[in-house]
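Undergrad: everything below, folded, please.
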Amino acid sequence: MATAINLTLRSIEERARLYRGLIVLVSATSVLACLLTVLLRSWTALLGLGLLIPFAGGYLLLDGRRVSRWRKGVLELWCRRDLQLVLFAKSVSAYPSIPPRTLEGMLSTLPESSTEQKLDALLEVKKQQWVATTSAAARRQELRTLLAVVALTLAVGLAGAAAQLRSPRILLGSVIVMAVWAAVKKHL
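TA: Residues are numbered from 1 along each chain as shown. All right, here's what the predicted structure looks like:
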């Protein structure tokens, strides 16, 4: 149990550090873009705000990977019968230093059961199946996020270039990118 709690505390600390880094990056980029717009007297410096999309997307990807790594560690302990998930959830929820909503979000990625015995009595094969299914779903979500970030970054970049160059063809490219993304995401 102590291993799972320490893993949870470390993961939340890493996630908070990552989030603080994002805030600094977004703030610096926004201030710099606005400052350059005023100093250069040109709206084109505002195109730098388009960088916020890959910054936020990168954060979502890295944060999702941290949660996946945490879940994998906790589920490995569960599969080896070194951890009872219901008892773990109750114990870790008692820590006042852990942000409750962050913890709720992380715990929601673990299997749930109405009774502790039912969940922890599952055969190892069933536990492994659950872990495999959850891991596959996390990978699909990561792929969707990555593709969305790439599509939005490309579309915004093309729209900015179209405005700067006054090119309807480039603007059409931006629209096409979003149309392709809309079609692709239906199949993911």
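
Undergrad: and the pLDDT at the residue most central in space within the chain?
TA: Nearest to the geometric centre of the chain sits residue 60, at 2.8 Å (CA atoms, centre = their mean). On the pLDDT scale, residue 60 is placed at 97.

Undergrad: measure it to residue 5 for me?
TA: 26 Å (CB to CB, to the nearest Å). From N, CA and C alone the C-beta is placed, and that goes for glycine too.

Undergrad: element containing residue 64, please.
TA: helix 52-79 (DSSP states H and E).

Undergrad: what about that helix, distance to the chain center?
TA: 6 Å (CA atoms, centre = their mean, to the nearest Å).

Undergrad: can you show me the helices along this protein?
TA: 2-40, 52-79, 85-93, 100-107, 116-120, 124-165, 168-185 (DSSP state H).

Undergrad: tell me which of those helices lies nearest to residue 46.
TA: helix 2-40 (5.3 Å; CB to CB).

Undergrad: next, the angle from the closest one to helix 100-107.
TA: Inter-element angle recorded for helix 2-40 and helix 100-107: 120 degrees (by axes from the mean of the first three to the mean of the last three CA atoms, to 10 degrees).

Undergrad: what bits of the chain have low per-residue confidence?
TA: The chain contains residues with pLDDT under 70 at 113-121.
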